[in-house]
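Visitor: Return atomic coordinates for the entry below.
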Amino acid sequence: MKKEKNKMRKICLLLSLCLLFGCVSVVSAQDTQISVFLNAQRVVFPDQEPMLISDRTMVPLRAIFEAYGCMVEWNNGAAYTACAMPGRVRLLQIIEGGNQILVRDYMLENGKEKATQSTIVLDVPAQNVNGRIMVPLRAISEALDAEVVWNGITSSVNIFYDKGNIYGLEQQNQFIAENYIKVQHILLENSDAGKSKGEIIIHQVKQGTNFEALMYEHNLDGGVAKNPEGYVFTKGEVGDQSFEDAAFALNVGQVTDQPVKSAKGYHVIQRVALEQEDYEAVRLQAMQKLALGQ
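Guide: Next comes the predicted model:
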C-alpha cells in the first residue's frame, strides 16, 4: 500500500513538473519578441508583432509587403498585392486559410501585354491572428526574390534583397512627383466673351483675389463640385494638348498668364501641390508605368 502511495506521488510530481515546464515554454515563446530587418532597416509592426507558429516566423501580411513598397488590397477574404519590378508588375494573391501564394507577372513583350503564373506553397497556412492575416515570412521573401537569414541568438530575421529588383516607396514617390501634376481650373465659354472674362479673372488673381472663390463663381465645369481640390494627371491623360502643355509649364502656385483655349472653351489654370492622398490615388497606375517604362 505504501509503495502504491509513493508511486502515485511520483506520478503526480511528474505531471506537475510537466505542466510547470509546459507553461514556462509557452510564456517564453509569447514573451520572445521577433525583430525583422529589411536591408538592415527595422520593420515596424504597429498592431501585431511577428510570432512563431509551428516553428515558422509568421508576419502580418500588410505590414511586411508595404515595407517593400507594395500595395495591398482586400476583397472577399483574399489579399491582392501589387509590386513594381523592373520590366514587370508582380501581383500576389493570398487567401485567408490558404496554403499557397498565387504569383502573376504582367509585362510587355514587343509592345504586347504578357502574363505568367506560378505558385508558392505555404508550409503553414495564412491565418487570422488578432484581426491580422499572418503569413510565413520566408514564403513572402521567396515571392519577392529576397534572402532570409534567421538569427537564433537575437531572435531576429534579416531579409536581404537587391533594391534594383523592386521599386520601393521612395522611388515611386519620386516618379509621381516628376510625372504627375495637380491643377485647379476655371472653364469659360468658347467665345471671345469667355476669353475676355478669363483675362479679367487672371488679373484679379494676380491682384490677390482667391482663385478658389473665382473658380466657384465662374466655372462651367460640372466636375469641379466632385473635385474641388483639383485634378491629378500625367502626360497623355487629359486629351487636349494645349491644356496639358499649359498645365505642365506651370510651377506650383502659378496661374496661366493667358486663358488657354481647348475644344471645351477657355481655361484659367492654376497648379497646386500634390497631397499625400494624391500620391496614394495614382500609386498603382504609377507603379505600372514605372515598372513597364510607359
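Visitor: Tell me the strands beside the one helix or strand Trp74 maps to, with direction?
Guide: Per DSSP states H and E, Trp74 falls inside strand 71-75. Counting by DSSP bridges, the strands paired with strand 71-75 are strand 78-85 (antiparallel).
Visitor: got the contact list for the partner strand?
Guide: Strand 78-85 is contacted by residues 61-62, 65, 68-74, 89-96, 133, 144, 165-167, 172, 284, 287-288, 290-291 when judged by Cβ atoms under 8 Å, 6 or more residues apart in numbering. To be clear about C-beta, it is placed using only N, CA and C from the backbone, and glycine gets the same treatment.
Visitor: Give the ChimeraX command for selecting the buried subset of those.
Guide: Selection command for ChimeraX covering only the buried members of these, criterion 16 or more other Cβ atoms under 10 Å:
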select :61,62,65,68,69,70,71,72,89,90,91,92,93,94,95,96,133,144,166,167,172,287,290,291
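Visitor: Going along the chain, name the strands of the stretch 51-200 of the chain.
Guide: Assigned by DSSP state E, counting those that start in this stretch, the stretch 51-200 of the chain shows strands spanning 51-53, 56-60, 71-75, 78-85, 88-95, 100-109, 112-121, 127-129, 132-136, 147-151, 156-160, 180-188.
Visitor: Only alpha carbons, please: show stretch 52-63 as CSV.
Guide: Extracted C-alpha coordinates of stretch 52-63, given in CSV (Å, rounded to 0.1, in the frame of the first residue of the first chain):
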residue,chain,number,x,y,z
LEU,A,52,6.3,31.7,-34.3
ILE,A,53,3.6,29.3,-35.4
SER,A,54,4.6,25.6,-36.0
ASP,A,55,8.3,26.7,-35.9
ARG,A,56,7.7,29.2,-38.7
THR,A,57,8.1,33.0,-38.4
MET,A,58,4.7,34.5,-39.3
VAL,A,59,4.3,38.2,-40.0
PRO,A,60,1.3,40.5,-40.7
LEU,A,61,0.8,40.4,-44.4
ARG,A,62,0.1,44.1,-44.9
ALA,A,63,3.0,45.5,-42.9
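Visitor: re the thing from before, what is the orientation angle of the strand holding Trp74 with strand 132-136?
Guide: Strand 71-75 and strand 132-136 meet at an angle of 120 degrees, taking axes from the mean of the first three to the mean of the last three Cα atoms, to 10 degrees as the criterion.
Visitor: show me what contacts Gly77?
Guide: Applying Cβ under 8 Å, 6+ apart to Gly77 gives the contacts Ile95, Glu96.
Visitor: Model confidence score at it, please.
Guide: Looking at Gly77, its pLDDT stands at 86.
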